[in-house]
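Engineer: return a 3D structure for these sequence lines:
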Amino acid sequence: MPTDMTDAVKPPAQVPPPLVPGLRGLLTLAVGVVLITALYFGREVFVPLVLAVLLSFVLGPVVNLLRRLRLGRVPSVIVAVLLALAVLGGIGAVIGTQVAGLAGNLPQYQSTVQKKFAGLQQGWLGEANRVIAKFSHQVQDATQKADAAGTTAGTGPAGETPKAQLVRVQEPELSPLALAEKVLGPVVEPLTTVGIVLVVVVFLLLQREDLRNRMIRLFGSSDLHRTTVAMDDAAGRLETYFLAQLGMNAAFGVIVGVGLWFIGVPNPLLWGVLSAIMRFIPYIGAIVSGVFPVALAAAVDPGWSMVIATAALFLIAEPFFGQVVEPLLYGHSTGLSPFAVIVSTLFWGFLWGPIGLILATPFTVCLVVLGRHVDSLEFLDVLLGDRPPLTPVENFYQRMLAGDPDEVREIAEGMLKERSLSSYYDEVALKGLQLAANDYARGVVTPAQLENIRSSSRSLVEDFEDHQDAEPSNEGMAVNPADTPTLAERTHPKTEAVPGHAAPREELPDGWRGEAPVLCLAGRGPLDEASSAMLAQLLRKHGLGARVAPYQAASREGIRDLDMKDVAMVCVSYLDITGNPSHLRYLLERLRRRAPGVPILVGLWPVGEKVLTDAAVGREVGADAYVSSLRDAVEACLRSAGHTSKVDRDAA
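Structural biologist: Purely as a prediction, here's the structure:
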């Protein structure tokens, strides 16, 4: 007679090899290479178009405001574009006049710098120069002595070195057309770009709704809801980002200009405008903008106090704005990780130069939004987004596999601030244990790793023994209702806590007044005992005593010694029945013979098992009830106990 199987089926000896990348992956790679090449060589065309699109996002709220004032679509667009052109022209005029005034004082600044360096040369800098010159002279003498034998190789027949001949380069006179091209060429190209941008902006603002509908028809007519949400999310994030960054950089420029005016640095208006513009470049823009005022302060002040004050202004203002004001103002409005910002800045700067540095963050925002709404592009959100890359289930399994229960508990405590314990067990812990059981069945989890998962699961349940299963209070927690969940987050929704609670023991039916009226029996899977421990803990938190029994206790030989005294209900837990419920039917037959009349509940935690969906199969197996979550199991036990406490009835 074969012995009873007390453990899971032995895993196969080998792990199947990884799949070879298919034609679709290679095609995607080829398309990516072609797209990057086109962006690089077509930057003369793409840069004005992209600038126009981004400027339309900035002017969109202005146009909407003017239209709410009943100005009309066309006049609103024209007024908004003229306003933008006036602002750009004003900034250009300010920069031009300030630079002209600065150029007139350059001789005076040059004289101050020469005097300052002369004073330095008389001090420690001069002493250092003399030491370096002496060392260089010694090195030169040693080199000349070593090369003395070869010094005659370049002399003439009479031992004399030939004299150098003076060569004069005569440039041809420029024609009027060439002269005009040389003078006007640097001006015509920027003006042409500005003209193209303004024309495209006008058409974008006039045809905004029509273009939106065409994009929906082109990319998402089969799923209008998702496409509309994606476009609204992208537009909202970009508008928030641009407006917040524009206000932030303008405030930074004002503070720099006022601070330099108090310090006494010439042309503070120029440096304030330059600082505001340069701060659009992430990380390095503000630092680069501070180099020029510091150098000018060194040229103006004979001493060093103005230089120190100017450098301190930038060293204090930029960290304050970047680390304090900026997160408070628009926080995670872009949804990008710091690593994504750095990489995107380098990438777009390489493709499109200085303009790419400014456009890097908006482009990356669009890619992240696409990744949050399009399944095939989810990798963009994982690589570039600011939210956790692993789902809570994957994180749970990975830390359990590594045998790190402390980090598992830390992550769980963070999740329990916004969900109940039963929700965490159902949506995270059980699904993580299912991943482990499936990997063990495939042979990719070793026995040592399986033991790590078992011990970590026991430790986790013990850690939350004093934690109540109730909905947490979310008062004071900042929640952005417009924040779009990732595709992974949508697959793991939050469930509510079990609402009921058992009555006091003396009010329960006779069979439920024992110390442990519920027997939580583990299935034959390697991790079923962990799920039984979670169920028993939740039952105790809701007023019903429960104890855990391993699968061996109900085996063919162990069933005779199984203590069924004062047991009012049996709950059998299975993470997986591998599509064959016959062994479950045999287990229930043994339990019926051992404790006739005791109701039996079977918890099949993987949703979709045939026993859960096919009533005929369920009757054949023989259980009184089937559930697919710990929450449903607790509620079924509470119903079997007869009634809940009066306090809970009044609260309901």
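Engineer: how many residues are close by Val617?
Structural biologist: Using other C-beta atoms under 10 Å, Val617 has 15 neighbouring residues. C-beta coordinates here come from the backbone N, C-alpha and C atoms, glycine included.
Engineer: doesn't it fall inside a strand?
Structural biologist: No: applying DSSP: H, G, I helix; E, B strand; the rest coil, one finds Val617 to be helix, outside a strand.
Engineer: hmm, it is touching Pro581, no?
Structural biologist: Yes: counting by C-beta atoms under 8 Å, Val617 touches Pro581, with 6.7 Å between them.
Engineer: can you spell out which helices and strands pack onto the helix or strand containing Arg639?
Structural biologist: Per DSSP states H and E: Arg639 is located in helix 630-640. Applying 3 or more C-beta pairs under 8 Å, 6 or more residues apart in numbering; DSSP states H and E, one finds that helix 630-640 contacts helix 421-424, helix 528-541, strand 569-574, strand 600-604, strand 625-627.
Engineer: show me what the last one is packed up against.
Structural biologist: By that I understand strand 625-627. strand 600-604, helix 630-640.
Engineer: 10 Å instead, please
Structural biologist: In terms of contacts (3 or more C-beta pairs under 10 Å, 6 or more residues apart in numbering; DSSP states H and E), strand 625-627 is packed against strand 569-574, strand 600-604, helix 610-613, helix 615-621, helix 630-640.
Engineer: can you check the first one too?
Structural biologist: For helix 421-424, the helices and strands in contact under the criterion 3+ C-beta pairs under 10 Å, 6+ apart are helix 405-415, helix 528-541, helix 630-640.
Engineer: what is the rounded mean pLDDT of the very next helix or strand once past that helix?
Structural biologist: For helix 421-424, the following helix or strand on the C-terminal side (DSSP H and E) is helix 430-442. Mean pLDDT, computed over helix 430-442, is 85.
Engineer: what are the ranges of the helices in the stretch 251-400 of the chain?
Structural biologist: Listed in chain order, the helices of the stretch 251-400 of the chain (DSSP state H, counting those that start in this stretch) span 268-278, 285-289, 291-300, 305-320, 326-330, 338-352, 354-373, 378-384, 392-401.
Engineer: quick check: Pro338 touching Pro282?
Structural biologist: Yes: under the criterion of C-beta atoms under 10 Å, Pro338 makes contact with Pro282 at 9.4 Å.
Engineer: buried deepest among the helices and strands packed on helix 421-424, which one?
Structural biologist: Mean neighbour count, computed with mean count of other C-beta atoms under 10 Å, is highest for helix 528-541 among the helices and strands packed on helix 421-424, reaching a mean of 24.
Engineer: give me the angle between it and strand 569-574.
Structural biologist: 140 degrees (axes from the mean of the first three to the mean of the last three C-alpha atoms, to 10 degrees).
Engineer: how is this structure divided into domains?
Structural biologist: Following automatic domain parsing, one gets these domains for the chain: 25-121+188-209, 226-384, 394-471+488-497, 501-652.
Engineer: will you turn those into JSON lines that also has distance to Gln140?
Structural biologist: Below are the domains of the chain laid out as JSON lines (distance: least, C-beta to C-beta, whole Å):
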{"stretch": "domain 25-121+188-209", "distance to Gln140": "22"}
{"stretch": "domain 226-384", "distance to Gln140": "33"}
{"stretch": "domain 394-471+488-497", "distance to Gln140": "62"}
{"stretch": "domain 501-652", "distance to Gln140": "78"}
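Engineer: so which of these gets nearest Ser136?
Structural biologist: domain 25-121+188-209 (16.4 Å; C-beta to C-beta).
Engineer: sorry, back to before: may I see the helices and strands packed on helix 630-640 arranged in a markdown table, with distance to Gly511 as well?
Structural biologist: Below are the helices and strands packed on helix 630-640 laid out as a markdown table (distance: least, C-beta to C-beta, whole Å):
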| stretch | distance to Gly511 |
| --- | --- |
| helix 421-424 | 25 |
| helix 528-541 | 15 |
| strand 569-574 | 9 |
| strand 600-604 | 14 |
| strand 625-627 | 17 |
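Engineer: now those as a markdown table including distance to Val368 and mean pLDDT?
Structural biologist: Supplementary listing: those in a markdown table, determined by distance: least, C-beta to C-beta, whole Å; pLDDT from 0 to 100:
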| stretch | distance to Val368 | mean pLDDT |
| --- | --- | --- |
| helix 421-424 | 28 | 86 |
| helix 528-541 | 36 | 90 |
| strand 569-574 | 40 | 90 |
| strand 600-604 | 38 | 87 |
| strand 625-627 | 39 | 87 |
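Engineer: ok, which of the ones you listed comes nearest Arg585?
Structural biologist: Smallest distance to Arg585 across the helices and strands packed on helix 630-640 (C-beta to C-beta): 10.3 Å, for strand 600-604.
Engineer: just the CA coordinates of that closest one, formatted as CSV?
Structural biologist: Output of strand 600-604 as CSV, limited to C-alpha atoms (Å, rounded to 0.1, in the frame of the first residue of the first chain):
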residue,chain,number,x,y,z
ILE,A,600,-16.0,22.0,6.5
LEU,A,601,-14.9,25.1,4.6
VAL,A,602,-12.3,24.9,1.9
GLY,A,603,-10.2,28.0,1.0
LEU,A,604,-8.8,27.8,-2.5
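Engineer: rewinding a little: give me the more crowded residue out of Pro338 and Pro282.
Structural biologist: Looking at Pro338 and Pro282 with other C-beta under 10 Å, you find the greater number of neighbours at Pro282, namely 18 against 10.
Engineer: just checking, the more buried one touches Val341?
Structural biologist: Yes: counting by C-beta under 10 Å, Pro282 sits close enough to Val341 to count as a contact (5.4 Å).
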